[in-house]
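In: Attaching a predicted model along with its sequence, questions to come.
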Amino acid sequence: MAASTMTQQSVHSNSFHLQTRSLQPFRSFPVRALSFRAPSFRALSFRALSLRAQFFPTLLLAFMIFLALPFQGCSKQDKAEGSSREAWEAAGREGADEESRKPPMRFRTEVCIDRTGTGKEAFRMLVPADWKFAAGITWILDNPGMPATGWLRATNPALPEELEVFPNQAFFYTDNPLGQQLNPPGSKYFGAEVRTPVGPVQALKSIVLKRFRRSVKNLSVVHEERLPELAAALGVSSREPGVSADGGKIRVKYTKDGTPMEEELYGLIETLAVPIQGMYGTTTNTFWTVSYIFSVKAPQGTLDSLGPLFRTMGSSFRMNPQWLNTYVQVVNFLIQNQIRHIRNTGELSRIISQTHREISDDMQRSWEQRQGVYDRLSERFSQNIRSVDEYYDPVSERSVELPAGYRNAWVNGLGEYVITEQEDYNPNVSSNQNWQRMERRDR
């Protein structure tokens, strides 16, 4: 899921995350003629806004968790067998006869169109050919710091296996007594829910589960773990004053339609604490976000084995740079003009119509910088766990990662891929598409 024309998508959107040179000072203005002072839109920097949950940079980098942090089952396998390429290939040779009987695996490209806002392709990704796919972009009229969120869900119709990415959850908290009176828990402040900050594991349990799994019966948390290295692995900076980030994951089990299930959920807490000088001395306004939220689920005992499949989907994610360019300009417009609430979709369309197609040099440099982060992270992961193989796609002229353990891979002009262990398999037989064989790249 990425750009309208993927010829320019050799720059992985997975690697893009908005950066700023420094935090701008926060100005203040009176609220309801009272002395409580709050930061104005004009003073909210792009850095602050990115930490308040800009959906797409987060969504893309959420998939990088697949590269940075293998599932628990994968980790156990590495400890037992070692992570060297020689060990992996030796194991592959032992099961060669069995592998040759595996049916070909086929992937298709799915595209998400932003139908309610820009009308442009927002992103694209690979999914197994027989899976169902749904995704969408939602524009939020009362949240200038995060005016668009998105979601996606890839589901196996034959088995209860699913990859899901959730929209970011934006929050605000202040320790200013007057501010607490004006903005009690549960109310909205610039579109963000007022709520006391919590850690990543607690956020997954008390926010994500309650909002997105409230209908699930007999759910229990069987494992929870902080992932402090996640923020660093994803390139989220915590070096600027007031900025912090921390990650976590939980594994849950429950029964769905009579089938015992397990699901692993990941998330990151990003926090920006802004000191405010006022009648109560120095108080703090805290913008915090539950971001990079995604989950993978499968029947109990099978989740870990699906790691390579989920990683293939994650590493294939591509964002349309023109969509992202428009989104960033809308955020900038709302900040500069101190627009707290977009009145209707007509006004949103007017704002979008004022954006331009040119991508700035700063954005391009930031994109390229993040591309380097992605490449290094992907390379580091692949050196440790041979769960995916890299191939060269002669159609789109870029690399693509597909599940390991298959000797042959093919691609056609529709963005579809087939991998197989069968030497005599040729997808051009009984097909009106032109399938081309792909060469595997050794790392």
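Out: Yes, it's here. Being a predicted model, the structure only gives us computed values, none of them experimental. Numbers count the residues shown, from 1 in each chain.
In: Every contact and neighbour count from this point should use C-alpha atoms.
Out: OK.
In: secondary structure class for Pro197?
Out: Under DSSP: H, G, I helix; E, B strand; the rest coil, Pro197 falls in the coil class.
In: and it, what does it touch?
Out: 171, 173, 288 (Cα atoms under 8 Å, 6 or more residues apart in numbering).
In: Just the buried residues out of those, in PyMOL syntax.
Out: Typed into PyMOL, the line below selects the buried ones among those, using 16 or more other Cα atoms under 10 Å:
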select buried, resi 171+173+288
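In: if you look at the contacts of Pro197, which of them are in helices?
Out: Among these, no member falls in helices (DSSP state H).
In: now Arg214, what's its secondary structure?
Out: Arg214 - assigned by three-state DSSP - is coil.
In: backbone phi and psi for it, please?
Out: For Arg214, the backbone dihedrals are phi -70, psi -20 (criterion: degrees, to the nearest 10).
In: Next, count neighbours for it.
Out: With neighbours defined by other Cα atoms under 10 Å, the count for Arg214 comes to 10.
In: just Glu193 next, same as before
Out: The number of residues near Glu193, taken as other Cα under 10 Å, comes to 20.
In: try Lys256
Out: For Lys256, using other Cα under 10 Å, the count is 15.
In: and it, what is it in contact with?
Out: Going by Cα under 8 Å, 6+ apart, Lys256 touches 216-217.
In: buried ones in the helix or strand that contains Leu178?
Out: Element membership for Leu178, per DSSP states H and E: helix 177-182. Buried positions in helix 177-182, judged by neighbour count with 16+ other Cα under 10 Å: 178-179.
In: got a pLDDT number for the residue nearest to Ile250 when sequence neighbours are not counted?
Out: Once flanking residues are discounted, Ile250 sits nearest to Glu224: 4.3 Å by Cα to Cα, 6 or more residues apart in numbering. The model reports Glu224 with a pLDDT of 97.
In: So what touches the helix or strand containing Glu224?
Out: Glu224 belongs to strand 220-227 when assigned by DSSP H and E. Strand 220-227 is contacted from outside by 200-201, 246-254, using Cα under 8 Å, 6+ apart.
In: again with stretch 120-138
Out: 1-4, 105-116, 148-157, 312-314, 316-320, 323-324.
In: Let me know the average pLDDT across that stretch.
Out: Here stretch 120-138 scores 93 as its mean pLDDT.
In: That one: which residues count as buried?
Out: 120-129, 131, 133, 135-137.
In: try stretch 324-336
Out: By neighbour count on 16+ other Cα under 10 Å, the buried set for stretch 324-336 is 324-335.
In: Which of those sits closest to Glu439?
Out: Nearest to Glu439 among the buried residues of stretch 324-336: Leu324, at 31.9 Å, using Cα to Cα.
In: Could you tell me the phi and psi values at that closest one?
Out: In terms of degrees, to the nearest 10, the main-chain angles of Leu324 are phi -60, psi -40.
In: And it, how far from Thr116?
Out: According to Cα to Cα, to the nearest Å, Leu324 and Thr116 sit 15 Å apart.
In: same check, this time on Leu268
Out: Leu268 sits 28 Å away from Thr116, going by Cα to Cα.
In: So which of the two has more stuff around it?
Out: Neighbour count, other Cα under 10 Å: between Leu268 and Thr116, Leu268 has more, with 29 against 14.
In: For the more buried one, give me the pLDDT.
Out: Leu268 is given a pLDDT of 89.
In: ditto for Val395
Out: Reading off the model, Val395 has pLDDT 94.
In: what's it sitting at in phi/psi?
Out: Dihedral angles (degrees, to the nearest 10) for Val395: phi -80, psi -50.
In: wait, what's in contact with it?
Out: Residues in contact with Val395 (Cα under 8 Å, 6+ apart) are 411-413.
In: Apply 10 Å and report the result again.
Out: 7, 411-415, 435-436, 438 (Cα atoms under 10 Å, 6 or more residues apart in numbering).
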